[in-house]
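A.B. asks: Sharing a model that was predicted from the sequence below.
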Amino acid sequence: GTPETVTPTGATTGVPAPAKAQQGPYLTTAQGARLRDTDHSLKAGPRGPILMQDHHFREKIMHFDHERIPERVVHARGAGAHGVFEGYGTAEGMTRAGFLKKGKKTDVFVRFSTVLGSRGSADTARDTRGFATKFYTDEGTFDLVGNNIPVFFIQDGIKFPDVIHAGKPHPDREIPQAQSAHDTFWDFVSLHTEAQHHTMWNMSDRGIPRSYRTMEGFGVHTFRLVNAAGETVLAKFHWKPKLGVHSLTWEESQMLAGMDPDYHRRDLYDAIEAGAYPEWELGIQVFPDTPDETFEGIDLLDPTKIVPEELAPVQPIGKMTLNRTPTNFFAEVEQVAFHLGHLPPGIDVTNDPLFQARLFSYLDTQITRLGGPNFSQIPINRPHAAVNDMFRDGLHQHAVHAGVAPYRPNSLDGGNPFVAGDEENAFVDVPVKVAEASKVRANPVSFDDHYSQARLFWQSMSPVEKEHIIRAYTFELGKCYEQAIKERQLQCLANIDPLLCQEVATGLGLPAPEPTVPLADVVPSPALSQVGKEWPAD
Ligand code: HEM
């Protein structure tokens, strides 16, 4: 018989499913009326004018006029691919998340991106890269919305508009596109010194990756994992590329931006089409869930800090393989919507103030970007788990929901949809104790150190990586018009490392200032350097 429409909840509606779009022996209007001619508008005589009554003309142009949707407010430029994730089972004692069980395979979609450039900007600009993964798990979608840099510019999400306004092109000239080489960027990061650590990563070779396939990914925030017994640990997520970590040189990135602005997009697509499927191992750093949420003196809720892998090794928990390119860029890469609140049972949030802010922001922006509240029905966003959410109506509603009682409890449509005893398979918020404290607009003092981890990063670099960092600061700061901004950033560099400051100051033709903070000793972390960081031989 005629196939029926299946709603996002998996229910059939009795309504015949529409014929497959854009197939069939002849062209039609959007209403299915067969067309004889789509190349000529209906005119009053061969020389016109065009007649208002030409519905086909108006429908075709109307649809075209609305083909573009707003680009993402950040991460507008991206590329994506489908794949599969396979759990190793090594995290089973720590989280009850079913997709991490040994041998369990789960479909994924990944979107890589730059942060600051517009949709048409060059792939190889110096910038942070987004690394967002949608796991279509049996227990609901899990979105791991990370970056290729393990720390962030700010400690509290209320400052996100500030850092992005400073990093985006100047409001008057709309330049530069996707680069940190301008006054507002350096004005912000030098005034707002918690940004110095992330900025150092941007100025390193990590800011110009060779390929999406050779990037690490980081969940950045600390998450809380909970196992079947209700026991918790704190954890940070890491993606390790099987191909190792590789970067471009600055000269390569500049030339490629002109010769092939789609370099990373092309590389990902070509590799997958050629059968060279990129792979990453997912790993976690695990910390005891102590009341102070610190580890070795590092505040785990401060997203400007890493925990060196020497102190907490990354434990592999699964592998992702990207093996299919999108069929339609718009439908998949543009319309995909990630959200940190999309969590399966076994993975929960922490009170990191950046994490908390993000839990609001993504859902909010997507209402505008994807035109209303029903974007979870867009094919790329549909969960692979059954959905039974009682939501109704709204702009762009595609489901024909059956039943008369989208509320509970009810006595008409099967009553209470919860099966007794089934709660144990549900997402349960970990009953973490909330601090007994007064409301404040403030950070904990443990967030105050803005320089020692930037110093740790610098000290961990090989001589050639240090040389690249010096040249990057010199080039990018050299583009500033305001000398006071350059001087203020040199002061920050002096507080990180006097040698680094001296070299950049010489390059800029300015005096090197003295540090204004005590230069605490750090133990370099070999894991931070990309030199020699290849995938171990099988
Ligand atoms: C988009 C990562 C902080 C707001 C994205 C994307 C990634 C990402 C990867 C692109 C998603 C995609 O490909 O569709 C991060 C990381 C952060 C961070 C790792 C810090 C650890 C923030 C903060 C806010 C924010 C603090 C706001 C308070 C947004 C918005 C989008 C976005 C509005 C656009 C989403 C869309 O249009 O669908 N972020 N972000 N981000 N981010 Fe963040």
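C.D. replies: Received the coordinates, thanks.
A.B. asks: Thr106: which element?
C.D. replies: Taking DSSP states H and E as the criterion, Thr106 maps to strand 105-114.
A.B. asks: So which elements touch that strand?
C.D. replies: strand 78-87, strand 129-137, strand 315-324 (3 or more C-beta pairs under 8 Å, 6 or more residues apart in numbering; DSSP states H and E). For glycine as for every other residue, the C-beta is placed from the backbone atoms N, C-alpha and C.
A.B. asks: can stretch 210-226 be found next to the ligand?
C.D. replies: Yes. On the criterion C-beta under 6 Å from any ligand atom, stretch 210-226 is in touch with the ligand at Val220.
A.B. asks: per-residue confidence averaged over the strand holding Thr106?
C.D. replies: Across strand 105-114, pLDDT averages out at 98.
A.B. asks: Also stretch 525-534?
C.D. replies: Stretch 525-534 comes out at a mean pLDDT of 83.
A.B. asks: same deal with stretch 280-294?
C.D. replies: Stretch 280-294 comes out at a mean pLDDT of 97.
A.B. asks: Please work out which residues outside that stretch touch it.
C.D. replies: With contacts defined as C-beta atoms under 8 Å, 6 or more residues apart in numbering, stretch 280-294 is touched by 85, 91, 94, 217, 222, 224-225, 232-242, 295, 299-301, 307, 309, 312-320, 350-351, 433, 446.
A.B. asks: can you pull the buried residues of that stretch?
C.D. replies: Neighbour-count burial for stretch 280-294, with 16 or more other C-beta atoms under 10 Å as criterion, is recorded at Trp280, Glu281, Leu282, Gly283, Ile284, Gln285, Val286, Phe287, Asp289, Glu293, Thr294.
A.B. asks: any chance of the residues you listed in CSV, with secondary structure and distance to Pro524 too?
C.D. replies: Putting the buried residues of stretch 280-294 into CSV (DSSP: H, G, I helix; E, B strand; the rest coil; distance: C-beta to C-beta, whole Å) gives the following:
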residue, secondary structure, distance to Pro524
Trp280, strand, 26
Glu281, strand, 24
Leu282, strand, 26
Gly283, strand, 21
Ile284, strand, 23
Gln285, strand, 18
Val286, strand, 23
Phe287, strand, 22
Asp289, coil, 29
Glu293, coil, 26
Thr294, strand, 22
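A.B. asks: thinking again about what came up before, and the strand holding Thr106, is it in reach of the ligand?
C.D. replies: Yes. Residues of strand 105-114 are located near the ligand by C-beta under 6 Å from any ligand atom, namely Arg111, Ser113.
A.B. asks: Next: stretch 67-86.
C.D. replies: Yes. Applying C-beta under 6 Å from any ligand atom, one finds that stretch 67-86 is in contact with the ligand at Arg72, Val73, Val74, His75, Gly78.
A.B. asks: Buried by neighbour count: which residues of that stretch qualify?
C.D. replies: 72, 74-83, 85-86.
A.B. asks: where along the stretch 401-538 of the chain do the helices fall?
C.D. replies: 452-460, 463-478, 483-496, 498-508 (DSSP state H, counting those that start in this stretch).
A.B. asks: For Pro511, which residues are in contact?
C.D. replies: Pro511 sits next to Ala505 when contact means C-beta under 8 Å, 6+ apart.
A.B. asks: One more pass at 6 Å, please.
C.D. replies: By C-beta atoms under 6 Å, 6 or more residues apart in numbering, Pro511 lies in contact with nothing.
A.B. asks: what's the answer for Pro526, then?
C.D. replies: No residues are in contact with Pro526 under the rule C-beta under 6 Å, 6+ apart.
A.B. asks: One more: Lys102?
C.D. replies: Contact analysis of Lys102 by C-beta under 6 Å, 6+ apart lists Gly89.
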